[in-house]
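# turn this into a model:
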Amino acid sequence: MSGRQEVTYALDFVPGPRGRKKPKALPSHPRDGEAAGVCVPRIARLIALAIRFEGLVREETVGDYAELARRGQVTRARMTQIMKLLDLAPDIQERILLLPPLKGLNERNLRPLVRQIDWRKQRPMFQKICKL
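As a prediction, the model looks like this:
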């Protein structure tokens, strides 16, 4: 191949609006398990995800949490943070899954609770977070 090839492209330039483009509106399809107009809090989704992941590991569908992290393209540390939500008292998990969105209730704010092993001590800590 000692010859020289020339490639030609036809381009159409159309003047458009200047400045920042407005993002296109996303279609308003409800997510799986959501009724139209009902917002499921992110923390509730994370707990549901942790419950699902625990089931996958128990059923041996996946080898371990490191494999889940690789498949989900998150770090192993992030996977640990999500799975630690299962260390919350069952009644706290249930309240989070069924509660409407509360301002200030997120995974980061629940980290001190999951570090507390005693569920009796978790409950008053959770009440404080809910009152914020």
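# now the helices: where do they sit in this protein?
Taking DSSP state H to define them, one finds helices in the chain at 42-58, 65-72, 76-83, 90-98, 107-115, 119-131.
# which of the ones you listed sits closest to residue 4?
Nearest of these to residue 4, taken as C-beta to C-beta: helix 65-72 at 46.3 Å. Bear in mind the C-beta positions are built from the backbone N, C-alpha and C, glycine included.
# so which bits of that closest one are buried?
By neighbour count on 16 or more other C-beta atoms under 10 Å, the buried set for helix 65-72 is 65, 68-69.
# between those, which is closest to residue 55?
residue 68 (11.3 Å).
# isn't the closest one up against residue 62?
Yes: with contact defined as C-beta atoms under 8 Å, residue 68 reaches residue 62; the gap is 5.5 Å.
# now do the residue nearest to residue 89 when sequence neighbours are not counted against residue 90, distance only.
Distances taken as C-beta to C-beta, 6 or more residues apart in numbering put residue 119 closest to residue 89, at 3.7 Å, once the chain neighbours are dropped. As defined by C-beta to C-beta, to the nearest Å, residue 119 lies at a distance of 8 Å from residue 90.
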